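Participant: no letters, just coordinates:
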């Protein structure tokens with residue numbers, strides 16, 4: 001079973017930076033959109049940023065100008081560079097891919113990582 005594996009979370013002071021990475025344990029035939037979501041206790045999971053196969057990006061208003069999403073299609077990896085971090089960025093961050101594993105199945109499926117904790121605190 002293919003899994004998405006995130007890395008790069010941790011504890012950082014306000015104003016600091018972190019880079020999250022997400023790759024897969026197996027191969028995909030086609031990955032359409034790669035994205036990052038985050039969730040805090042008692043709240044719904046929210047989109048942070050996503051990037052299309054062609055490189056078009058979309059950001060939540062709360063992170064525009066501070067976060068940058070990028071992808072390396074050759075490595076099947078998506079990154080989230082987070083700068084000027086604020087305490088309100090504290091959350092579990094999940095990567096999400098809309099992908100398909102076979103050329104014979106046209107349906108794209110949502111794949112999720114297990115989540116990585118990001119804590120912004122002094």
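Facilitator: Thanks, I have it. Predicted model only: the values in this text are computed from it and were never measured.
Participant: what's the distance between the residue of the chain positioned farthest from its centre and residue 30?
Facilitator: Distance from the C-alpha centroid of the chain, by CA atoms, centre = their mean, peaks at residue 104 (27.0 Å). Between residue 104 and residue 30 the computed distance is 12 Å (CB to CB, to the nearest Å). From N, CA and C alone the C-beta is placed, and that goes for glycine too.
Participant: circling back: hang on, the residue farthest from the centre of the chain in a strand?
Facilitator: No - Residue 104 sits outside any strand when classified using DSSP: H, G, I helix; E, B strand; the rest coil, being coil.
Participant: contacts only, for it.
Facilitator: By CB atoms under 8 Å, 6 or more residues apart in numbering, the contact list for residue 104 is empty.
Participant: check it and give its pLDDT.
Facilitator: The model reports residue 104 with a pLDDT of 92.
Participant: quickly note the distance from it to residue 29.
Facilitator: Counting by CB to CB, the gap from residue 104 to residue 29 is 9 Å.
Participant: show me what the helix or strand containing residue 50 is packed up against.
Facilitator: Using DSSP states H and E, residue 50 sits in strand 46-51. Applying 3 or more CB pairs under 8 Å, 6 or more residues apart in numbering; DSSP states H and E, we find strand 46-51 packed against strand 30-39, strand 57-59, strand 67-72, strand 77-82.
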